[in-house]
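>>> Predicted model, plus sequence, below.
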Amino acid sequence: MASDELWVSDLGLVEYRAGVDVQEAVRARVQAGELPDVLLLLEHPPVYTLGRRSAPGDLPMGEDWYRAQGIDVVRTDRGGKLTYHGPGQLVGYPIVRVDDVLAYVRAMERALAAALADVGLTPRLRTDEGPDYTGVWIEDRKIASIGVHVAKGVTTHGFAINVENDLQPFGYVVACGLPDVQMTSVRKEGAAASLPEVRERAVARLGEELGRVPMPVPLGRLGLTAPATV
């Protein structure tokens, strides 16, 4: 187990709370020095997640209405505001040691922008416009969201790239705390890249930004049993 390795485990489609449980178990092992840095890759069934900066008005229809549409609602300990996860979206949870949280978020932004450029898009960052604009954008349309939590120097949560997921659920809420935000996806922007292709580029670019060598590993090598896929 080399310190410059980034172990990458692909979990498939996993219920959001089960994904949080896996993150917490991996984080404990990384904090204890039993694992190198880890990247969990997965998709979630439809769910709104509310970060620490979310406001009551972010769910204007009320939680029961959203659940009636088949979209779960979960409060989390990550930074940022409300976002949506659903099948066809690439979700990545880097569980890594960091000293400077802001520098880490900026590195993640650069990695995701580079990955999207690799598949033929022209992404941009809006780092000078405040924390609500964290993430990656195509012109004024948001394509990737970021929100992290750090405990004892190790991160959880991470990023979500809209690849080929349904974008309509973003329109039911105040996504990212921005009432007029327009969300987009790799598919909507006309790029032909599939979710596996975007996943491959995101892993490579994140490894570069973190100075780590990605290594695919099964979840069992992390000392965990895989959660049930949906």
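Alright, I've got the coordinates.
>>> And for residue 171, the neighbour number?
Neighbourhood size, residue 171 [other Cβ atoms under 10 Å]: 11. All C-beta spots, glycine's among them, are computed from the backbone N, C-alpha and C.
>>> how about the helices in the protein?
16-31, 63-68, 101-118, 195-210 (DSSP state H).
>>> Now render those helices as TSV, adding distance to residue 188 and mean pLDDT.
TSV is the format used below for the helices of the chain (distance: least, Cβ to Cβ, whole Å; pLDDT from 0 to 100):
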stretch	distance to residue 188	mean pLDDT
helix 16-31	24	95
helix 63-68	22	93
helix 101-118	13	97
helix 195-210	13	98
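>>> Quick check: buried residues in the single longest strand found in the chain?
Longest strand of the chain, by residue count under DSSP state E: strand 141-151. By neighbour count with 16 or more other Cβ atoms under 10 Å, strand 141-151 contains the buried residues 142-150.
>>> Where does pLDDT dip in the chain?
1-2, 53, 174-178, 226, 228-230 (pLDDT under 70).
>>> Just list whatever residues bridge to the residue sitting nearest the centre point of the chain.
The structure's the chain has its C-alpha centroid closest to residue 159; by Cα atoms, centre = their mean the separation is 2.0 Å. As for beta bridges, residue 159 partners with residue 92, residue 146 under DSSP bridges.
>>> Contact partners for it?
Residue 159 makes contacts with 91-92, 94, 108, 112, 144-146, 202, as judged by Cβ atoms under 8 Å, 6 or more residues apart in numbering.
>>> change it to 7 Å
By Cβ atoms under 7 Å, 6 or more residues apart in numbering, the contact set of residue 159 is 92, 108, 112, 144-146.
>>> Likewise for residue 156?
By Cβ under 7 Å, 6+ apart, the contact set of residue 156 is 23-24, 27, 93, 95, 149.
>>> Quick one: neighbours of residue 13, just the number.
Per other Cβ under 10 Å, the neighbour tally for residue 13 reads 15.
>>> Can you tell me what sits against stretch 190-197?
Under Cβ under 7 Å, 6+ apart, the answer for stretch 190-197 is 88, 90, 119-121, 163-164, 186.
>>> filter these to the buried ones?
Among the contacts of stretch 190-197, those classed as buried by 16+ other Cβ under 10 Å are 88, 90, 119, 121, 163-164, 186.
>>> re earlier: select, from the buried residues of strand 141-151, the two members most distant in space.
143 and 150 (24.6 Å; Cβ to Cβ).
>>> circling back: which of the contacts of residue 156 are buried?
23, 27, 93, 95, 149.
>>> The third one is in contact with residue 158, isn't it?
In this case it means residue 93. Yes. Using Cβ atoms under 7 Å, residue 93 makes contact with residue 158 at a distance of 4.5 Å.
>>> quick one: buried residues of stretch 120-127?
Going by neighbour count (16+ other Cβ under 10 Å), the buried part of stretch 120-127 is 121, 123, 125.
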